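Q: Sequence unavailable; structure follows:
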């Protein structure tokens, strides 16, 4: 059964109506070293979503040693693999929202850091559809605590689908995902 969601494109990937979002990033035939490609193939033989590629394979990320979001993504994946292997990988998912209000909240409350280091509250909100498996969790549980055990506690809460004090429920959708239509541009994203 097809379900409708809202997907936020915060980086201007130029989605198009009718486009199918899938696991396009396999690492095969790329410039990556042989040992990287072999290790990648063992971990993600089906490939990655764009999100997964950006955090796992993108060599052009600014300041990789200061990439806090990348660290959280890796910790989330390792926690999932260790304790919740039945849950979908964030690195192989398309991120969606159940309501347009939640999509707007995401854009406004979770800015993207631009290349010049400023925070950007911009995004294009698209309506998408999928028959894929969906997993709903509170994005606020993807956080670092004051110590590592607290960070692991937060991540376990995420995979257990527990709510924070002020939850914002994201939907991880397993591809393929059909891009239906652009609903609105938030924060001037339409001029990108």
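A: Sure thing, it's come through. Just so we're clear, the structure is a prediction, and the values are computed from it rather than from any experiment.

Q: Kindly list the longest helix within the protein.
A: Assignment by DSSP state H gives helix 68-83 as the longest helix of the chain.

Q: list the helices and strands the helix or strand just after it packs on?
A: From helix 68-83 onward toward the C-terminus, using DSSP states H and E, the following helix or strand is strand 94-97. Packing contacts for strand 94-97, counted by 3 or more Cβ pairs under 8 Å, 6 or more residues apart in numbering; DSSP states H and E, involve strand 3-9, strand 123-130, strand 169-173. Every residue, glycine included, has its C-beta placed from N, CA and C.

Q: before we move on, back to that, how about the longest helix of the chain: buried residues?
A: 70, 72-73, 75-77, 79-80 (16 or more other Cβ atoms under 10 Å).

Q: hmm, back to that, of the helices and strands packed on strand 94-97, which is nearest residue 104?
A: Nearest of those to residue 104, taken as Cβ to Cβ: strand 123-130 at 7.3 Å.

Q: C-terminal to that closest one, what's the next element?
A: For strand 123-130, the following helix or strand on the C-terminal side (DSSP H and E) is strand 134-138.

Q: Can you pull the poorly scored residue ranges out of this structure?
A: Applying pLDDT under 70 to the chain flags the ranges 25-38, 57-66, 114-117, 188-192.

Q: Can you give me the buried ones in the longest strand anywhere in it?
A: Counting residues, the longest strand found in the chain (DSSP state E) is strand 177-186. Within strand 177-186, the residues that count as buried by 16+ other Cβ under 10 Å are 177-180, 182, 185-186.

Q: now do stretch 42-52
A: 44, 47-52.

Q: Report the distance from it to the chain centre.
A: Averaging C-alpha positions (Cα atoms, centre = their mean, to the nearest Å) puts stretch 42-52 12 Å from its chain's average.

Q: now for it, what's the gap between its first and last residues?
A: Start-to-end span of stretch 42-52 (Cα to Cα, to the nearest Å) is 15 Å.

Q: same thing with stretch 159-168?
A: 14 Å.

Q: who's in contact with that stretch?
A: 76, 79-80, 83-84, 87, 102, 105-106, 109, 135-141, 157 (Cβ atoms under 8 Å, 6 or more residues apart in numbering).

Q: likewise stretch 72-87?
A: Against stretch 72-87 from outside (Cβ under 8 Å, 6+ apart): 55-56, 89-91, 135, 142-144, 151-152, 155-156, 158-160.

Q: again, only this time at 10 Å
A: For stretch 72-87, the external contacting residues (Cβ atoms under 10 Å, 6 or more residues apart in numbering) are 43-44, 51-52, 54-56, 67, 88-93, 133, 135, 137, 141-144, 148, 151-152, 154-156, 158-161, 172.

Q: what do you get for stretch 138-156?
A: Under Cβ under 10 Å, 6+ apart, the answer for stretch 138-156 is 68-69, 71-73, 75-80, 82-84, 90, 95, 97, 102, 105-106, 109-110, 157-170.

Q: Try it again at 7 Å.
A: With contact meaning Cβ atoms under 7 Å, 6 or more residues apart in numbering, stretch 138-156 is reached by 72, 75-76, 79, 83, 157-158, 162-164, 166-170.
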